[in-house]
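just the structure for this:
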Amino acid sequence: MQRLAALSDGPSRDAYRADLGYWLDLDLPAAGQLIDGLVADGLVTVTQRTVRLTAAGKDLLAKIRTGAGEVTAKLYEPFDPADLQATVSTLREITTRAQAML
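Residues are numbered from 1 along each chain as shown. Below you'll find the model as predicted:
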């Protein structure tokens, strides 16, 4: 659901499936099954043109983000913000280089 929120404008089912496949390292049938499960659970709707979060999906995503934020804040608390930023920048660059090598 976070990927759907990141795509924001209501991607097509195919675009969302491809995005899930890429980010979660799933083949397209498995990503499609994941979407079907989200629909069955009432968390997303799929129309002919778009996939969108339902109210229940938005509520659950907000709870997940809040919980993750609380845990992250506790983990990051003892570190200097500049050190954290340097770490994030370094990890992003490593990720970018690794993806380019694939």
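
point out the other helices and strands that the lowest-mean-pLDDT helix or strand in the chain packs with.
Taking mean pLDDT, DSSP states H and E as the measure, the chain has helix 2-7 as its least confident helix or strand, at a mean of 88. With contacts taken as 3 or more CB pairs under 8 Å, 6 or more residues apart in numbering; DSSP states H and E, helix 2-7 sits against helix 13-24, strand 51-53, helix 55-76. (Glycine included, C-beta is placed from N, CA and C.)

quick one: closest of these to Gly42.
helix 55-76 (5.1 Å; CB to CB).

buried set for the closest one?
For helix 55-76, a neighbour-count test (16 or more other CB atoms under 10 Å) marks 57, 60-61 as buried.

check stretch 33-46 too.
34-35, 38-39, 43-44.

closest one of the residues you listed to Thr50?
Of the buried residues of stretch 33-46, the one sitting nearest to Thr50 (CB to CB) turns out to be Val44, at 9.8 Å.

is the closest one in contact with Arg52, as I believe?
Yes: taking CB atoms under 8 Å as the contact criterion, Val44 and Arg52 are neighbours in contact, 6.5 Å apart.

between the two, which contacts overlap?
Taking CB atoms under 8 Å, 6 or more residues apart in numbering as the criterion, Val44 and Arg52 both touch Leu4.

and Val71, how far from Ala55?
According to CB to CB, to the nearest Å, Val71 and Ala55 sit 25 Å apart.

picking that back up, and the least confident helix or strand of the chain, how far out from the chain middle?
5 Å (CA atoms, centre = their mean, to the nearest Å).

repeat that for stretch 38-55.
With CA atoms, centre = their mean, you get 15 Å for stretch 38-55.

who touches it?
In contact with stretch 38-55 (CB under 8 Å, 6+ apart) are residues 1, 4-5, 10-13, 16, 35, 56-57, 60-61.

report pLDDT for Pro81.
Pro81 carries a pLDDT score of 94 in this model.

from Gly37, how far out is it?
In terms of CB to CB, Pro81 sits 38 Å off from Gly37.

also Arg17?
Arg17 is 13 Å from Gly37, by CB to CB.

quick one: Gly10 is in a strand?
No: per DSSP: H, G, I helix; E, B strand; the rest coil, Gly10 lies outside any strand segment and is coil.
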